[in-house]
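> any chance you can model this:
(one chain, ligands or ions: 1)
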Amino acid sequence: MNQNRDSFTSKFGVIAAAAGSAIGLGNIWRFPYVLGENGGAAFLLLYLFFILAIGMPVMLSELMIGRKAQMNIFGAFRKLSPGSIWPLVGIMGVGAAFMILSFYAVVAGWTLDYAFLAFKNEFAGKSPDEISAIFNDISGSVWKSILLMLAFMGLSAWIVRSGIKDGIEKYTKILMPMLLVIIILLNVRALTLDGASAGLKFLFTPDFSKINANVILEALGQAFFSLSLGMGVMATYGSYIKKGESLGQTAISVSLADTFIAVLAGVAIFPAVFAFGIQPNAGPGLVFVTLPGIFNQMPGGYFFAILFFILLIIAALTSSISLLEVVVAYFSEELKMKRAFATWLAAGIMSALGVLCATYDRLFTFFEKTSSNVLLPLGGLLIVIFVGWFLGLKNVRDELEADGKVARYFLPFVFVIKFLAPIAIAIVFLYSLELLRF
Ligand code: PFF
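Okay, the predicted model is just below:
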């Protein structure tokens with residue numbers, strides 16, 4: 001192992017960091033709103049299918065690339081396949097990180113404001129319409145969104161720069177279970193609201209006529225976005241994992257934890273959406289207009305709301321630092337920049353793009369859709385093709401069995417990454433490009 005590189009010191013550290021990246025605004029903000037825009041339960045089924053059949057194998061493949069190469073995503077491809085064009089996949093990943101963090105930080109900025117508003121008890125006694133007005137005021141005010149975005153970006157850069165990630169990891173193992181407990185309490189309250197059953201029906205009773213090419217693509221994109229796949233986060237984290245750890249176990253635990261949180265977020269939000277008469281396809285504001293309403297109707301709601309938004313900020317931070325890390329590892333290892341400089345440069349460029357995202361809704365949507373529905377699945381497609389067809393099956397087996405145990409899932413895994421996952425992703429792409437009509 002390269003002596004100069006950091007590595008995670010425990011199995012829990014690995015899972016906490018990877019889960020920290022996966023669990024974030026993607027689960028609590030993006031999953032419910034995209035599901036709401038795409039018809040509900042049928043989307044959920046497709047999403048779960050993509051997590052199992054494509055997400056988990058892509059995650060394992062990515063972790064494997066990183067650990068085998070012990071390098072940033074670009075360097076990893078160069079090392080594993082010298083003289084080829086594979087490193088371009090790494091460049092694409094770095095580009096995707098810029099795109100994602102620039103709109104992600106805008107949403108995270110709104111969350112910062114929500115924590116303040118909860119603290120000032122601004123939501124108390126407000127009707128759903130009034131709460132919507134508060135959200136529209138924040139998201140519609142360009143300068144406010146920009147300042148909040150900058151605050152969040154600064155915080156992320158400061159963490160990546162000063163290497164207190166380890167500290168964060170230590171705390172996330174207490175904080176993320178706390179987030180889970182609050183979401184479960186939100187579930188209990190949401191499920192006992194008048195009219196909750198319409199929300200559950202929307203979430204769990206599939207109407208297959210709602211499925212079309214776009215819904216399929218959105219479900220695939222959300223699976224990649226939520227699991228932080230297709231752009232090198234998991235490969236970069238994999239490069240910090242020691243040989244004795246089981247990559248398979250990491251991929252499974254992280255995917256399950258991430259999916260569980262997303263589904264619970266859905267169970268908290270949709271009953272409230274219907275009970276409060278909000279449109280399920282209300283878009284990116286959905287969570288921000290529903291959750292305060294539920295807290296309002298909960299014993300101890302004032303206290304839980306503050307705690308929830310603080311925990312959500314932390315969940316967003318553990319995701320944003322993983323995005324920054326991809327770029328910083330690339331800048332510092334490939335372009336030989338000092339780590340501090342690399343961090344501020346990356347955060348600076350992302351902030352500039354973030355200003356544009358906060359100013360132009362259409363750019364925000366373009367970055368969001370292009371990264372999750374195109375760049376990430378495309379990156380994932382290339383990653384499984386690389387591991388399945390170019391890395392060498394002996395290398396694959398060695399990585400899977402590096403913990404000293406026989407990997408009985410070796411053959412099914414190889415089948416999935418060689419055939420099932422690439423074909424499935426390619427079909428979704430072609431289908432959504434209207435090249436293929438069934
Ligand atoms: N998975 C994160 C979330 O669900 O909030 C967002 C994210 C992080 C997406 C890292 C992509 C990524 F590479």
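> point me to the residue of the stretch 151-300 of the chain nearest the ligand.
The stretch 151-300 of the chain approaches the ligand most closely through residue 228 (3.6 Å), counting by CB to the nearest ligand atom. In this view, the C-beta of every residue, glycine as well, is placed from N, C-alpha and C.
> name the helix or strand for residue 144, please.
helix 142-162 (DSSP states H and E).
> my error: substitute residue 343 in the last question.
helix 339-359.
> just want the angle from the helix or strand that comes right after that helix to helix 339-359.
Next helix or strand after helix 339-359 toward the C-terminus (DSSP H and E): helix 361-369. With axes from the mean of the first three to the mean of the last three CA atoms, to 10 degrees defining the directions, helix 361-369 sits at 130 degrees from helix 339-359.
> can you tell me the closest non-neighbouring residue to the residue of the stretch 151-300 of the chain closest to the ligand?
Here the nearest residue to residue 228 in space, its sequence neighbours aside, is residue 21; by CB to CB, 6 or more residues apart in numbering that works out to 4.5 Å.
> next, that neighbour: phi, psi?
Main-chain dihedrals, residue 21, degrees, to the nearest 10: phi -70, psi -40.
> contacting residues for it?
Applying CB atoms under 8 Å, 6 or more residues apart in numbering, we find residue 21 in contact with 228, 233, 234, 237, 318, 319, 322.
> and the pLDDT for it?
Residue 21 is assigned 95 on the pLDDT scale.
> and residue 167, by the same measure?
Per-residue pLDDT puts residue 167 at 64.
> please apply the same query to the one 10 residues further on.
With respect to pLDDT, residue 177 scores 85.
> burial check on whatever residue of the chain ends up closest to the ligand, number of neighbours?
For the chain and the ligand, the shortest gap (CB to the nearest ligand atom) falls at residue 26, measuring 2.0 Å. Residues near residue 26, counting by other CB atoms under 10 Å, number 29.
> over to the one 4 residues further on?
Using other CB under 10 Å, residue 30 has 24 neighbouring residues.
> close enough to count as contact, it and residue 225?
Yes. The criterion here is CB atoms under 8 Å, and residue 30 meets it with residue 225 at 6.5 Å.
> which SSE is residue 122 in?
Assigned by DSSP H and E, residue 122 belongs to neither a helix nor a strand.
> swap in the one 3 residues further on?
Residue 125 belongs to no helix or strand when elements are defined using DSSP H and E.
> residue 111 reaches residue 309, doesn't it?
Yes. Counting by CB under 8 Å, residue 309 is a contact partner of residue 111 at 6.0 Å.
> need the phi and psi values for residue 336.
phi 60, psi 30.
> could you check the pLDDT of it?
The score at residue 336 is 95. That number is its pLDDT.
> what secondary structure does the closest residue to residue 259 other than its chain neighbours sit in?
By the measure of CB to CB, 6+ apart, the closest residue to residue 259 outside its immediate chain neighbours is residue 51, 5.5 Å from it. Using DSSP: H, G, I helix; E, B strand; the rest coil, the structure places residue 51 in helix.
> the protein against the ligand: which residues are in contact?
Listed as neighbours of the ligand in the chain under the rule CB under 6 Å from any ligand atom: 21-22, 24-27, 100, 225-226, 228, 231, 233, 319, 322-323.
> quick one: residues contacting residue 343.
Applying CB under 8 Å, 6+ apart, the residues near residue 343 are 157, 160, 161, 324, 328.
> okay, helices next: where are they in the stretch 101-250 of the chain?
Assigned by DSSP state H, counting those that start in this stretch, the helices in the stretch 101-250 of the chain fall at 128-140, 142-162, 165-191, 196-204, 213-227, 233-238, 247-275.
> looking at those helices, which is buried most?
Neighbour counts averaged per stretch over the helices of the stretch 101-250 of the chain are highest for helix 233-238, at a mean of 30; criterion: mean count of other CB atoms under 10 Å.
> and residue 153, what's its pLDDT?
On the pLDDT scale, residue 153 gets 98.
> is it true that it touches residue 105?
Yes. Applying CB under 8 Å, one finds residue 153 in contact with residue 105, separated by 4.8 Å.
> need the overlap of contacts for these two.
Between them, residue 153 and residue 105 share the contacting residues 320, 350, 351, 354, judged by CB under 8 Å, 6+ apart.
> from those, which two are the most distant?
Farthest-apart pair in these is 320 and 351; separation 12.0 Å (CB to CB).
> those two - which one has more neighbours?
Under the criterion of other CB under 10 Å, the comparison of residue 320 against residue 351 puts residue 320 first, with 28 against 21.
> not counting sequence-adjacent ones, nearest residue to the more buried one?
Distances taken as CB to CB, 6+ apart place residue 156 nearest to residue 320, at 4.3 Å, with adjacent residues excluded.
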